[in-house]
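Undergrad: Sequence and predicted structure, then a few things I'm wondering about:
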Amino acid sequence: MAPAAPPLGDGERVLVVDDEPDITALVAYHLAKNGFRVSTAASGHDALRVVQDEMPALIVLDRMLPGMSGDEVLATVRASSASRDLPVLMLTARREELDRIRGLALGADDYLTKPFSTRELVLRVSAILRRSRIASVNADVVTVGALQIDCVHHRVTAEGQQVELTATEFRLLLTLAVRRGRVQSRAQLLEEVWEAAPDVQTRTVDMHVQRLRAKLGAAADLIETIRGFGYRVRAANGGS
C-alpha cells in the first residue's frame, strides 16, 4: 500500500466565501483534511469582517454572492493597505474567457470555474500560498508600521533606530513580519525558525519573543500574543 500523501497546508488559515452551504462545506472539508485551518462566510460583508478580525492567509472567493458581489469584495480587499497583498482564488460558474480575464484584472491570483475538482482547488491554494511566501521572503525590505527589516543586510530599525538582534531573533521577527496579520503557532515557528531541532522546546519561542520585544521598544506592541496558540505581527496600517 502506498503511503498517504503528506498534508499540503501548515496550519495557515483559509477563508472560504460562498453562499451555497454544500459547496462551502465541501471546500472546507478538503482544505482542513489537507492541513489548513478554515473560516467560512456566506456573504461579502461577512467575508470582510473575517478579513479584518483574522487576516487569513488566503481567500477562496465565490464571484456570485448576494448583496455584495465577489468582485466588490476583491476590490475592497485590494484597496486596503492591510490586505492588499492577501492572495485570492476566485470561484465562479461563469466559464467565458472575458469573465476569467475580468476576475484576474480585478486582482485575483487565480481563477477556478464550477464545477471543479476539490483536489485541484487544494493544489492551487497550496501553490498560491507557496508563491506568496517566496515573494515575501525575497523582498529586499519588509516594512510593518515603524519596523523596517532589511533582508539583504540583516538589519532592523524601529522608528529609525537600529536594533541589534541575534540571527535567531532576526529570523523570528522576519517570519512573523512576512506573515503579518496571520497567527503563527509555536510549532510553526519552531519549524520555520529553528528548523524543528529536536532539542528545542516550545518555551524557547516564548523566551525569544520576550527578548525580541524588549529590544524593539515601542514597536514591541506590533507583536501580539494569541493566548493558547502563538503569536502574530499586527498588519499595521500603511505597512508594505
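TA: Right, received. Where do you want to start?
Undergrad: leaving aside the residues next to it on the chain, what's closest to the residue nearest the centre of the chain?
TA: Central residue of the chain (CA atoms, centre = their mean): A57, 2.2 Å from the mean position. Closest residue to A57 apart from its sequence neighbours, by CB to CB, 6 or more residues apart in numbering: E12 at 3.8 Å. For glycine as for every other residue, the C-beta is placed from the backbone atoms N, C-alpha and C.
Undergrad: Wait, the one you found touches V38, no?
TA: No. The pair E12 / V38 is not scored as a contact, 10.1 Å apart, by CB atoms under 8 Å.
Undergrad: Of those two, which one has the most company?
TA: Between E12 and V38, E12 has the larger neighbour count (other CB atoms under 10 Å), namely 22 against 18.
Undergrad: Next one: that one from V233, what distance?
TA: 15 Å (CB to CB, to the nearest Å).
Undergrad: Check which helices and strands the helix or strand harbouring A32 sits against.
TA: Assigned by DSSP states H and E, A32 belongs to helix 21-33. Helices and strands touching helix 21-33, by 3 or more CB pairs under 8 Å, 6 or more residues apart in numbering; DSSP states H and E, are strand 13-17, strand 37-41, strand 58-62, helix 118-137.
Undergrad: what are the phi and psi values for the residue lying closest to T92 once chain neighbours are set aside?
TA: Nearest residue to T92, sequence neighbours excluded (CB to CB, 6+ apart): R63, at 4.0 Å. Dihedral pair for R63: phi -80, psi -30, per degrees, to the nearest 10.
Undergrad: Q161 now?
TA: Torsion angles, degrees, to the nearest 10, at Q161: phi -100, psi 130.
Undergrad: In the sheet, which residues pair with it? Tell me.
TA: Assessed by DSSP bridges, Q161 has beta-bridge partners A158.
Undergrad: quick one, strands of the chain?
TA: 13-17, 37-41, 58-62, 88-92, 110-113, 141-144, 147-150, 155-158, 161-163, 184-185, 223-226, 230-233 (DSSP state E).
Undergrad: JSON lines for these, including mean pLDDT and distance to S132?
TA: Output for these, formatted as JSON lines (pLDDT from 0 to 100; distance: least, CB to CB, whole Å):
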{"stretch": "strand 13-17", "mean pLDDT": "95", "distance to S132": "12"}
{"stretch": "strand 37-41", "mean pLDDT": "95", "distance to S132": "16"}
{"stretch": "strand 58-62", "mean pLDDT": "95", "distance to S132": "8"}
{"stretch": "strand 88-92", "mean pLDDT": "90", "distance to S132": "11"}
{"stretch": "strand 110-113", "mean pLDDT": "87", "distance to S132": "11"}
{"stretch": "strand 141-144", "mean pLDDT": "84", "distance to S132": "13"}
{"stretch": "strand 147-150", "mean pLDDT": "90", "distance to S132": "17"}
{"stretch": "strand 155-158", "mean pLDDT": "92", "distance to S132": "22"}
{"stretch": "strand 161-163", "mean pLDDT": "92", "distance to S132": "26"}
{"stretch": "strand 184-185", "mean pLDDT": "85", "distance to S132": "15"}
{"stretch": "strand 223-226", "mean pLDDT": "92", "distance to S132": "21"}
{"stretch": "strand 230-233", "mean pLDDT": "90", "distance to S132": "16"}
